[in-house]
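K.L.:
got a structure for you, letters missing:
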(Lines give C-alpha, C1' and ligand atoms only; values in the text may rest on other atoms or scores of the structure.)
Protein backbone atom coordinates (compact mmCIF):
# COMPACT_ATOMS: atom_id res chain seq x y z
CA UNK A 1 0.00 0.00 0.00
CA UNK A 2 1.48 3.39 -0.94
CA UNK A 3 1.89 6.09 1.68
CA UNK A 4 -1.26 8.20 1.45
CA UNK A 5 -1.93 11.70 2.68
CA UNK A 6 -5.29 11.08 4.38
CA UNK A 7 -6.54 12.66 7.58
CA UNK A 8 -6.17 10.21 10.48
CA UNK A 9 -9.76 10.77 11.63
CA UNK A 10 -11.16 9.76 8.22
CA UNK A 11 -13.09 6.50 8.62
CA UNK A 12 -11.63 4.28 5.89
CA UNK A 13 -12.35 0.57 5.65
CA UNK A 14 -9.86 -1.38 3.52
CA UNK A 15 -10.54 -4.91 2.18
CA UNK A 16 -8.26 -6.45 4.82
CA UNK A 17 -10.13 -4.70 7.68
CA UNK A 18 -12.79 -6.37 9.77
CA UNK A 19 -16.20 -5.12 8.69
CA UNK A 20 -15.25 -4.54 5.07
CA UNK A 21 -17.91 -6.89 3.66
CA UNK A 22 -20.60 -5.29 5.83
CA UNK A 23 -19.45 -1.84 4.67
CA UNK A 24 -19.38 -3.01 1.04
CA UNK A 25 -22.92 -4.41 0.80
CA UNK A 26 -24.61 -4.26 4.22
CA UNK A 27 -26.76 -1.25 3.39
CA UNK A 28 -27.89 -2.49 -0.04
CA UNK A 29 -31.68 -2.54 0.23
CA UNK A 30 -32.40 -5.56 -1.98
CA UNK A 31 -29.63 -7.77 -0.55
CA UNK A 32 -27.95 -8.18 -3.94
CA UNK A 33 -24.30 -9.02 -3.44
CA UNK A 34 -22.31 -8.09 -6.54
CA UNK A 35 -18.79 -9.49 -6.85
CA UNK A 36 -17.48 -5.97 -7.56
CA UNK A 37 -15.04 -4.77 -4.92
CA UNK A 38 -13.85 -1.23 -4.18
CA UNK A 39 -10.29 -0.48 -3.07
CA UNK A 40 -11.66 1.20 0.06
CA UNK A 41 -14.85 2.50 1.62
CA UNK A 42 -14.96 5.90 3.30
CA UNK A 43 -17.74 6.47 5.81
CA UNK A 44 -18.19 10.22 5.35
CA UNK A 45 -19.68 12.28 8.16
CA UNK A 46 -18.94 15.74 6.79
CA UNK A 47 -18.16 17.67 3.64
CA UNK A 48 -14.46 17.59 4.53
CA UNK A 49 -14.65 13.77 4.67
CA UNK A 50 -16.13 13.76 1.16
CA UNK A 51 -13.35 16.03 -0.11
CA UNK A 52 -10.75 13.78 1.54
CA UNK A 53 -12.29 10.70 -0.07
CA UNK A 54 -12.21 12.31 -3.50
CA UNK A 55 -8.58 13.28 -2.95
CA UNK A 56 -7.86 9.67 -1.94
CA UNK A 57 -9.35 8.56 -5.25
CA UNK A 58 -7.05 10.99 -7.05
CA UNK A 59 -4.02 9.71 -5.13
CA UNK A 60 -4.90 6.11 -5.99
CA UNK A 61 -5.80 7.08 -9.57
CA UNK A 62 -9.21 5.43 -9.39
CA UNK A 63 -12.87 6.25 -9.79
CA UNK A 64 -15.05 7.38 -6.91
CA UNK A 65 -18.63 6.25 -6.32
CA UNK A 66 -21.20 7.46 -3.81
CA UNK A 67 -23.93 5.70 -1.83
CA UNK A 68 -26.51 7.69 0.10
CA UNK A 69 -29.35 5.32 0.94
CA UNK A 70 -28.38 2.09 -0.80
CA UNK A 71 -31.50 1.81 -3.00
CA UNK A 72 -29.82 1.36 -6.37
CA UNK A 73 -31.32 -1.89 -7.66
CA UNK A 74 -28.17 -2.84 -9.65
CA UNK A 75 -25.95 -1.59 -6.77
CA UNK A 76 -24.08 0.94 -8.94
CA UNK A 77 -22.20 2.38 -5.97
CA UNK A 78 -20.15 -0.81 -5.54
CA UNK A 79 -17.51 -0.66 -8.26
CA UNK A 80 -14.25 -2.48 -8.83
CA UNK A 81 -11.05 -0.56 -8.10
CA UNK A 82 -12.82 2.50 -6.75
CA UNK A 83 -13.30 4.50 -3.58
CA UNK A 84 -16.85 4.12 -2.30
CA UNK A 85 -18.02 7.15 -0.34
CA UNK A 86 -20.75 5.90 1.97
CA UNK A 87 -22.95 8.73 3.22
CA UNK A 88 -25.02 6.51 5.53
CA UNK A 89 -24.43 8.65 8.62
CA UNK A 90 -24.60 11.99 6.80
CA UNK A 91 -28.30 12.46 7.57
CA UNK A 92 -28.83 15.86 9.12
CA UNK A 93 -32.07 17.86 8.96
CA UNK A 94 -32.23 21.61 9.51
CA UNK A 95 -35.28 23.84 9.09
CA UNK A 96 -34.93 27.60 8.76
CA UNK A 97 -38.16 28.67 10.44
CA UNK A 98 -38.07 32.12 8.86
CA UNK A 99 -37.71 31.04 5.23
CA UNK A 100 -39.32 27.59 5.55
CA UNK A 101 -36.34 26.06 3.73
CA UNK A 102 -35.22 22.63 4.89
CA UNK A 103 -31.64 21.46 4.40
CA UNK A 104 -30.97 17.72 4.61
CA UNK A 105 -27.92 15.52 4.46
CA UNK A 106 -27.88 13.13 1.48
CA UNK A 107 -28.54 9.99 3.56
CA UNK A 108 -31.59 11.47 5.26
CA UNK A 109 -34.44 9.20 4.32
CA UNK A 110 -37.87 10.21 3.10
CA UNK A 111 -39.34 8.74 6.28
CA UNK A 112 -36.97 10.67 8.56
CA UNK A 113 -37.70 13.93 6.74
CA UNK A 114 -41.47 13.54 6.80
CA UNK A 115 -41.51 12.50 10.47
CA UNK A 116 -39.55 15.68 11.25
CA UNK A 117 -41.74 17.84 9.00
CA UNK A 118 -44.91 16.31 10.46
CA UNK A 119 -44.02 17.87 13.81
CA UNK A 120 -44.00 21.24 11.98
CA UNK A 121 -47.27 20.51 10.12
CA UNK A 122 -45.42 20.24 6.81
CA UNK A 123 -44.51 17.44 4.39
CA UNK A 124 -42.29 16.71 1.40
CA UNK A 125 -43.50 14.70 -1.57
CA UNK A 126 -41.25 11.63 -1.93
CA UNK A 127 -41.35 8.20 -3.48
CA UNK A 128 -43.37 5.40 -1.92
CA UNK A 129 -40.50 3.87 0.03
CA UNK A 130 -39.67 5.69 3.29
CA UNK A 131 -36.12 4.27 3.52
CA UNK A 132 -34.83 5.86 0.29
CA UNK A 133 -32.00 8.34 0.91
CA UNK A 134 -32.83 11.78 -0.44
CA UNK A 135 -29.39 12.15 -2.04
CA UNK A 136 -30.24 9.41 -4.53
CA UNK A 137 -33.90 10.39 -4.82
CA UNK A 138 -33.13 14.00 -5.73
CA UNK A 139 -29.97 13.40 -7.77
CA UNK A 140 -30.80 13.49 -11.49
CA UNK A 141 -29.17 10.73 -13.52
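P.N.:
Sure, I can see it. In this text the structure is predicted, and so the values were computed from the model without any measurement.

K.L.:
residues touching the residue nearest the centre of the chain, list them.
P.N.:
Within the chain, one residue has its C-alpha closest to the average C-alpha position: by Cα atoms, centre = their mean, that is residue 87, at 2.3 Å. By Cβ atoms under 8 Å, 6 or more residues apart in numbering, residue 87 lies in contact with 44, 50, 66-68, 105-107, 133, 135. To be clear about C-beta, it is placed using only N, CA and C from the backbone, and glycine gets the same treatment.

K.L.:
also residue 109?
P.N.:
69, 91, 130-134.

K.L.:
switch the cut-off to 6 Å
P.N.:
By Cβ atoms under 6 Å, 6 or more residues apart in numbering, residue 109 lies in contact with 131, 133.

K.L.:
so what pLDDT did the residue of the chain most remote from its centre get?
P.N.:
Note on the chain: the largest C-alpha distance from the chain mean falls to residue 98, namely 29.3 Å (Cα atoms, centre = their mean). Per-residue pLDDT puts residue 98 at 94.

K.L.:
with the one 5 residues further on instead?
P.N.:
pLDDT recorded at residue 103 is 92.

K.L.:
mind checking the SS state of the closest residue in space to it that isn't next to it in sequence?
P.N.:
The shortest distance from residue 103 to any residue other than its chain neighbours is 4.7 Å, reached at residue 94 (Cβ to Cβ, 6 or more residues apart in numbering). Put simply, residue 94 is strand when judged by DSSP: H, G, I helix; E, B strand; the rest coil.

K.L.:
next, the buried residues of the longest helix that the chain contains.
P.N.:
In the chain, taking DSSP state H as the definition, the longest helix is helix 47-59. Under the neighbour-count criterion of 16 or more other Cβ atoms under 10 Å, helix 47-59 has 49-50, 52-57 buried.

K.L.:
ok, those vs residue 124, which is closest?
P.N.:
Nearest to residue 124 among the buried residues of helix 47-59: residue 50, at 23.4 Å, using Cβ to Cβ.

K.L.:
low-confidence regions, this structure specifically.
P.N.:
Low-confidence segments of the chain, defined by pLDDT under 70, are located at 1-4, 139-141.
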